[in-house]
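Undergrad: just the structure for this:
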Amino acid sequence: MEVIALIVVIAAVFHRVDRRLRDQAKTIADLQQAVARLSAQALAAPSPSQEHAAQAAPSEAGVVEPGAVPPAAEVPFLPAPADGVLPDAAQCAAAPVGLPEPPPEPPRSAWRDLEESFASRWLIWLGGGTMALAAAFFIKLSIEHGWLGAGVRVTLGLLSGLGLIVGGEWLRRQPLQRAIAAIHPHHAPVALTGAGLFTAFASVYGGYALFELFDPLIAFALLAGLSLGAVALSLLQGPFIAALGLLAGYVTPILVTSGNPMAWGLFPYLLALNGAAAALVLWRGWGWLGWGALVWAVLWPLFWFFDPWRSGDAPVVGLYTVLSAAFFLWPALVSRWIDDTPNGKSGDANPETPAEGWRAALPLWLWNRAPRHPFDRLGRTAATLFGLVMIGMVACDDHQTMGLTMLGLYAAGGLIAARRVERLGGLAWTAGLTVWASLFVWDLPELAQLAPLMNAEGRPLVPGAPVGLAEEIGRALWSMAGFAALFGVGGFLAGVGARRVALWASLSALLPLALLATLYAYLVPERGLMEWPGAALALAALLVAATTPLARQRGTRPDADLALAAYAAGAVGTLTLAATMILRDAWLTVALAAQVPVLAWLERHFTLRELRRVAFLVTLVVLTRLALNPLVLEYQGVAWIFYGYGLPALFFLLAARWMRQASGEKADDLTVMVLEAGALVFTTLLTSLAIHRWMADDLKRAPSTLVEAALHTLSWLGLALLLSVDRRWSLRPVARWGRRVLLGMAAAACVALHLFGFNPLTTGELVGDWPVVNRLLLAYGAPGLLMGLILWVDPLRVDPLRRAAAGLVGVLLAANLALEIRRFFHGPNLMADGLTDAEWYSYSVAFLLVAVLLLAAALRWGWGELRHVGLALLLAVVAKVFISDMEGLTGLYRVASFLGLGVCLIGVGFLYQRMRIPAAANNPPDERTH
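TA: Down below sits the predicted model:
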């Protein structure tokens, strides 16, 4: 039943296709006849009546039905000249045309499009697949019933496949199919050819896997021949055949295996497939085919690294990687339709309007989001992926000489390709990063491990280094030096006359520095070994010398300044590396900070704005090392605090000043603010760490005394006061926010530590034997006075904060007075028990006098807020006298308390009437006195 239904469906399909083919043939024949008649009329000599008809044709011509051919008399023609020479093409184009324009075709319905797609495309592909399945079913049926031998089955399958392939090509060459191909894609020949390829491929594979008729080598050769033949045939029959052939070619090594896989047999074959795919991409423009081939081309060496890798595979795998990358770059390098001129459409930046700033030193794919040509995207991606393959190959080869040689070929090829096509300049950085990553994964031994172990007599237990260890280190040194020279010298030479000189300058300056730093970090030489700093200083000298030819081009090259900045950044980084090799701890940070004013001077002297970014990065490094690095607390000694923080602070201030003096509208920018803030941070840390080191033996120990807390608070308040009164700094944003932060830190310390945490009433800390001038004045009186002075010089603009700060000043001064009274009665230890009537009476007298003095001063100078504070304090004393002194005091102390309070209250009222009321009458609008 299924067979009958299948036959009916196939018959209906063939009937439908045959009818459409006959209709198309009839239409083509009618068109050919119409063209022949028009040609004949144009060559015939006209009569006078025909001339008159031709002249009247534009006005009398009617509407011609679609598909109909007008009579010969109505067809316009050009009169033949007397000399018998036919008119030329221009005269024919200028002649009036009698045929009216056909009316627009009616819109096609979606169902009709679906029907045509189903009948002309899907059914054809279904038919091709059905024929391939029929061949497979026939082979299976013959196996089950034993009709034919194994050799006959495979032979019949091959002949069937070849027949279908030949039939598909024959059908493609038919005139009718050519006419159909001119109207829309023809799928029938491609379907037949695809079915034939599948049948032939399945027959060969069945003869190898099922019947063992072919040896692995013969089966591999046959399948590879079919794949490459399909790729060649795709030039005639389209991309589907190419995709089928490439897919079969890439999976053939998986299907046909041997017990001894050979890299020298596999990778040349894969290289041929990659070359064929790249040729199809270039000649036929099938970009999607290139992406699919690229995936397989990259996956195969990755598969090889896991298991089949053998010693000696590096040459063939390396050559495969280099040549495959070249193949996939080939379309972008040699294609004629990618214009490399300023008006090109490759997505490159216009050389007349180059990228501004730091972007000019980077590859385009990092910042330019403009649409790029598909060939450029394919080549760039291929170079990156094969770079990863190269990293894996060098690692699998244990960084032997051959693997490093292949890496050098890849790097040199990347530099040549990037220099040849300017829009692919990013390939140079791709090659450089590939080299750096390949050497970064090198597992090198430390030089410290080479020191031989000694016995009790002082003789080495192992004479000399292990076998091969010195050779590996020597190979690493020569490799790093060779690649540094390749990119340093090569980048410099490539930048001569290049459109993007900044990109080549950045590569030439930064990559050798990265290689030297990587090698130094891996080998970890002993301190005092001067060969390493010497190499770093030599590299810095070469980078400085490279700026000489660029300095002559500053007026003619738009990105010459950025190239100079790149070399300067490389020189600065190299000097930093040299300082790292020689110096340790704080001196290393001082050396880093010393480069900031140098960069600022170079920027100001040569107007190299790009150096400011380099200075900004160095500034961040120094800030991180000194302000966010907890390891500084482990440094020994005291002197390092002064030069470790003092010198960077001076360097930052000098650099900020020079940068502000540089020309340009944005001279005072974020970098200057960061430098000024860094100088303030370093000064604050200098004073704080010096105080802490003076009070404690270990910097890791937290502050534990009132004296140390008071010294920290006074140092912060002193810096805040300096920022407030210095005219050069008071208006700077960093100074304005810096003094607020310092004031906030001091206020927090006063509340948390002075009044509660380290209060001598609770800790028992001795406050000193001297009256007034003692630790109480240091912890309470001096901070209160300094804070009040700061608020008077630079009052806070927010009213709640201003009132809170003024209240804290009053609390500190009141605490100093109260604790000083207690010290007078109990001595240095304020935790002594007992409270006498004299001490309790003294508190009332002291605070009452303070309140009277505050009121007198407020009434004298018209300070309304101070008057309110004095009245509040006076009311507090009144409350104390009536609530506490009435019950707590006895004898003459109670009498004196009330008598003194009464006299003071009368005196205050008298002063208030004499000074406050007349002032209010004379100055009614003055709100400060209310």
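Undergrad: show me the strands in the stretch 501-650 of the chain, by range?
TA: For the stretch 501-650 of the chain, no strands turn up when DSSP state E, counting those that start in this stretch is the criterion.
Undergrad: where does it have low pLDDT?
TA: Residue ranges of the stretch 501-650 of the chain with pLDDT under 70: 524-530, 555, 558.
Undergrad: quick one: the helices in it?
TA: 501-523, 531-551, 560-582, 585-606, 611-627, 639-660 (DSSP state H, counting those that start in this stretch).
Undergrad: what is the first one packed up against?
TA: Going back to what we said before, that points to helix 501-523. With contacts defined as 3 or more CB pairs under 8 Å, 6 or more residues apart in numbering; DSSP states H and E, helix 501-523 has these neighbours: helix 426-440, helix 469-495, helix 531-551, helix 560-582. Any C-beta I mention is one placed from the backbone N, CA and C, and that applies to glycine too.
Undergrad: with distance to residue 848 added, can I get these in CSV?
TA: Shown next, in CSV, are the helices and strands packed on helix 501-523 (distance: least, CB to CB, whole Å):
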stretch, distance to residue 848
helix 426-440, 78
helix 469-495, 82
helix 531-551, 73
helix 560-582, 65
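Undergrad: CSV for those, including distance to residue 725 and mean neighbour count?
TA: Below are these laid out as CSV (distance: least, CB to CB, whole Å; neighbours: other CB atoms under 10 Å):
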stretch, distance to residue 725, mean neighbour count
helix 426-440, 52, 23
helix 469-495, 53, 18
helix 531-551, 43, 17
helix 560-582, 37, 24
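Undergrad: please name whichever of these is nearest to residue 614.
TA: Nearest to residue 614, of all those, is helix 560-582, at 4.3 Å by CB to CB.
Undergrad: does anything pack onto the closest one? Which helices or strands?
TA: helix 501-523, helix 531-551, helix 585-606, helix 611-627.
Undergrad: recalculate using a threshold of 10 Å.
TA: Using 3 or more CB pairs under 10 Å, 6 or more residues apart in numbering; DSSP states H and E, the elements in contact with helix 560-582 are helix 469-495, helix 501-523, helix 531-551, helix 585-606, helix 611-627.
Undergrad: touching, residue 278 and residue 378? I think so.
TA: Yes - taking contacts as CB atoms under 10 Å, residue 278 lies within contact range of residue 378: 9.0 Å.
Undergrad: which of these two has more residues huddled nearby?
TA: Set side by side, residue 278 and residue 378 show more neighbours around residue 278, with 25 against 22, by other CB atoms under 10 Å.
Undergrad: and for residue 166, the neighbour number?
TA: The number of residues near residue 166, taken as other CB under 10 Å, comes to 13.
Undergrad: actually, residue 799.
TA: If we define neighbours as other CB under 10 Å, then residue 799 has 8 of them.
Undergrad: quick one: distance of the host helix or strand of residue 302 to the chain centre.
TA: In this structure, residue 302 sits in helix 287-306 according to DSSP states H and E. Chain-centre distance of helix 287-306: 26 Å, with CA atoms, centre = their mean, to the nearest Å.
Undergrad: now stretch 473-489
TA: 27 Å.
Undergrad: returning to that earlier point: where do the contact lists of residue 278 and residue 378 overlap?
TA: Shared contacts of residue 278 and residue 378 (CB atoms under 10 Å, 6 or more residues apart in numbering): 290, 293-294, 328-329, 331.
Undergrad: those: which two are farthest apart?
TA: Distance extremes for these: the farthest pair is 293 and 329 at 13.5 Å, using CB to CB.
Undergrad: now do the shared contacts for the two.
TA: 278, 378, 382.
Undergrad: dump the residues you listed into CSV; add distance to residue 502 as well.
TA: Formatted as CSV, the shared contacts of residue 293 and residue 329 follow (distance: CB to CB, whole Å):
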residue, distance to residue 502
278, 31
378, 26
382, 25
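Undergrad: out of these, which is nearest to residue 269?
TA: Proximity of the shared contacts of residue 293 and residue 329 to residue 269 (CB to CB) peaks at residue 278, which lies at 15.3 Å.
Undergrad: ok, and for the helix or strand the closest one falls within, which residues are buried?
TA: For residue 278, the element it lies in under DSSP H and E is helix 263-284. Neighbour-count burial for helix 263-284, counted by 16 or more other CB atoms under 10 Å, picks out 263, 266-267, 269-278, 280-282.
Undergrad: so residue 404, which of the three states?
TA: Following DSSP: H, G, I helix; E, B strand; the rest coil, the label given to residue 404 is helix.
Undergrad: contacting residues for the residue nearest to it when sequence neighbours are not counted?
TA: Closest residue to residue 404 apart from its sequence neighbours, by CB to CB, 6 or more residues apart in numbering: residue 479 at 5.3 Å. Neighbouring residues of residue 479 by CB under 10 Å, 6+ apart: 394, 399, 401, 404-405, 407-408, 435, 438-439, 442, 515, 519.
Undergrad: how does it look with 8 Å?
TA: Shown in contact with residue 479 (CB atoms under 8 Å, 6 or more residues apart in numbering): 399, 404, 439.
Undergrad: what secondary structure does the first one sit in?
TA: When you say that, I think you mean residue 399. coil.
Undergrad: for it, which non-adjacent residue is spatially closest?
TA: Closest residue to residue 399 apart from its sequence neighbours, by CB to CB, 6+ apart: residue 442 at 5.1 Å.
Undergrad: how close does that neighbour sit to residue 512?
TA: Distance, residue 442 to residue 512, using CB to CB, to the nearest Å: 17 Å.
Undergrad: so where's the stretch 201-350 of the chain uncertain?
TA: In the stretch 201-350 of the chain (pLDDT under 70), the answer is 336-350.
Undergrad: between residue 442 and residue 512, which is the more surrounded one?
TA: Each of residue 442 and residue 512 has its neighbours counted (other CB under 10 Å); residue 512 has more, 26 against 19.
Undergrad: verify the contact between that one and residue 489 for me.
TA: No - between residue 512 and residue 489 there is no contact under CB atoms under 8 Å: 9.3 Å.
Undergrad: hey, what's in contact with both of the two?
TA: Common neighbours of residue 512 and residue 489 (CB under 8 Å, 6+ apart) do not exist.
Undergrad: so where do the strands sit in the stretch 751-900 of the chain?
TA: Under DSSP E, counting those that start in this stretch, the stretch 751-900 of the chain gives no strands.
Undergrad: tell me the contacts of residue 721?
TA: When contacts are counted by CB under 8 Å, 6+ apart, residue 721 touches 739, 786, 789-790, 793.
Undergrad: and it, what are its phi and psi?
TA: Note on residue 721: backbone dihedrals following degrees, to the nearest 10 are phi -70, psi -40.
Undergrad: gap between it and residue 161?
TA: On the measure of CB to CB, residue 721 and residue 161 end up 96 Å apart.
Undergrad: do the same with residue 411
TA: If you measure residue 411 against residue 161 using CB to CB, the figure is 46 Å.
Undergrad: what ranges does the stretch 151-300 of the chain have for its helices?
TA: According to DSSP H, counting those that start in this stretch, the helices that the stretch 151-300 of the chain contains are 175-183, 188-209, 216-237, 239-255, 263-284, 287-306.
Undergrad: other SSEs contacting the last one?
TA: Under the contact criterion of 3+ CB pairs under 8 Å, 6+ apart, the helices and strands touching helix 287-306 comprise helix 239-255, helix 263-284, helix 314-334, helix 374-396.
Undergrad: quick one: that helix to helix 263-284, angle?
TA: In terms of direction (axes from the mean of the first three to the mean of the last three CA atoms, to 10 degrees), helix 287-306 departs from helix 263-284 by 170 degrees.
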